[in-house]
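1. after the sequence you'll find the predicted model.
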Amino acid sequence: MSDNKAVMDPGLEGAISINGVISRSYTYFMHNFDKFLKLALGPILIWVALEIGTDYFYLEQGKAYDTTVPRAMICAGFALLWYRQFLMGSEHATYSQLVDHIVAPGVFNLHNLFWSAIRIVITTIVLFVPTLILSISFMVYQYSQGQYLNDVAIQDIAFKSTTLVILLFSPILVRLSLYTVGIALGRRKMSLRSVWEKTSGNTVTLWLLILRAFLPISLYSYFVTWAFAKFATQFDLNYFWEGIAVHLPTAFFTFMMLAIVVAANAEAFKVIFGIRIAERKET
């Protein structure tokens, strides 16, 4: 575990170079593509199975299910593992080790569980309240303009409001995201406050870094997914084969994008906080 290694002094690599970090994250991904497939194959297949399953229940039984939460959990698990892969090496990057780390004494207990739940609730409230206010404002405005508000229009307003709020809060979220790296590495004494203090003065750099890592692959993923969806629609495929044609490339590019963003974030963590590079002698 990372708790058994010495810490490199942060700042030894100088200030964060956006171009350098992005280059290293893409290079690492390409050079370790086999490891990416090994770690991402299971989550990708689960993602596709979830989407095909929801299509089945909707088309065959008329029941609608939302896969947002399980997909988010799958992505979170892979992200934690890829942090360990990038910063600690393959010997520390297995799902069994990740589970052992999470349930280890001092990591998983009622105190940590309680404060984790509190943080989730606070974050949800902070993001939900502005989103709700913004959505209601949009709906009132459109209604005053005589526009009909059906379910599709309301969903579109909610999506736009959520996107705008996340964009507005993204500089804060990007800074606090380095706390996740600490969790993956086993930094048990790291707190959100210490992360906030350490990242002071790096807000714009971290935001631009994640944007540079996220945007190219997300745009490419969007167009590839759109092309496969058009192909499936044109040939009137069965929902099973259409699900594979659409959701498989979507899942693959999602995890590819996640791996590149995680590597960029981990590189920034390495510069700001330092990493453990040598075994510590036990006393």
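-> Perfect, thanks for sending it. Because the structure is a prediction, the values reported are computed rather than measured. Numbering: from 1, shown residues only.
2. can you pull out the strands in the chain?
-> In the chain, the segments counted as strands under DSSP state E are 5-7, 276-279.
3. worst average pLDDT in those strands?
-> Ranked by mean pLDDT, these end with strand 5-7 at the bottom, a mean of 39.
4. so, low pLDDT: which residues of the stretch 51-200 of the chain?
-> 101-128, 188 (pLDDT under 70).
5. look up phi and psi at the residue of the chain positioned farthest from its centre.
-> Largest separation from the mean C-alpha position in the chain: Gly146, at 39.0 Å (C-alpha atoms, centre = their mean). Backbone torsions of Gly146, given as degrees, to the nearest 10, read phi 80, psi 20.
6. please apply the same query to Phe235.
-> Dihedral angles for Phe235 - degrees, to the nearest 10 - are phi -90, psi 10.
7. number of residues surrounding it?
-> By other C-beta atoms under 10 Å, 10 other residues sit near Phe235. Any C-beta I mention is one placed from the backbone N, CA and C, and that applies to glycine too.
8. look up how far Trp241 lies from it.
-> 9 Å (C-beta to C-beta, to the nearest Å).
9. measure the residue farthest from the centre of the chain to Ser161 for me?
-> For Gly146 relative to Ser161 (C-beta to C-beta), the value is 21 Å.
10. with Thr131 instead?
-> From Thr131 over to Ser161 (counting by C-beta to C-beta), the distance is 5 Å.
11. just Phe33 next, same as before
-> On the measure of C-beta to C-beta, Phe33 and Ser161 end up 38 Å apart.
12. of the two, which one has the most company?
-> More crowded of Phe33 and Ser161, by other C-beta under 10 Å: Ser161, with 20 against 12.
13. does the more buried one really touch Leu134, like I thought?
-> Yes - counting by C-beta atoms under 8 Å, Leu134 is a contact partner of Ser161 at 4.2 Å.
14. ok, now which ones touch Tyr58?
-> Residues counted as contacts of Tyr58 (C-beta atoms under 8 Å, 6 or more residues apart in numbering) are 64-65.
15. quick check: the gap between it and Asp66.
-> 11 Å.
16. residues touching Leu59, list them.
-> Tyr239.
17. which parts of stretch 242-250 are buried?
-> 242-250 (16 or more other C-beta atoms under 10 Å).
18. can you show me the CA trace of it as PDB?
-> In PDB, the C-alpha atoms belonging to stretch 242-250 read as follows (Å, rounded to 0.1, in the frame of the first residue of the first chain):
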ATOM      1  CA  GLU A 242     -28.700  -2.000 -31.800                       C
ATOM      2  CA  GLY A 243     -27.700  -1.900 -28.100                       C
ATOM      3  CA  ILE A 244     -24.400  -3.500 -28.800                       C
ATOM      4  CA  ALA A 245     -23.700  -1.300 -31.900                       C
ATOM      5  CA  VAL A 246     -24.500   1.900 -29.900                       C
ATOM      6  CA  HIS A 247     -23.600   1.200 -26.200                       C
ATOM      7  CA  LEU A 248     -20.400  -0.800 -26.800                       C
ATOM      8  CA  PRO A 249     -18.500   2.100 -28.500                       C
ATOM      9  CA  THR A 250     -20.100   4.600 -26.100                       C
END
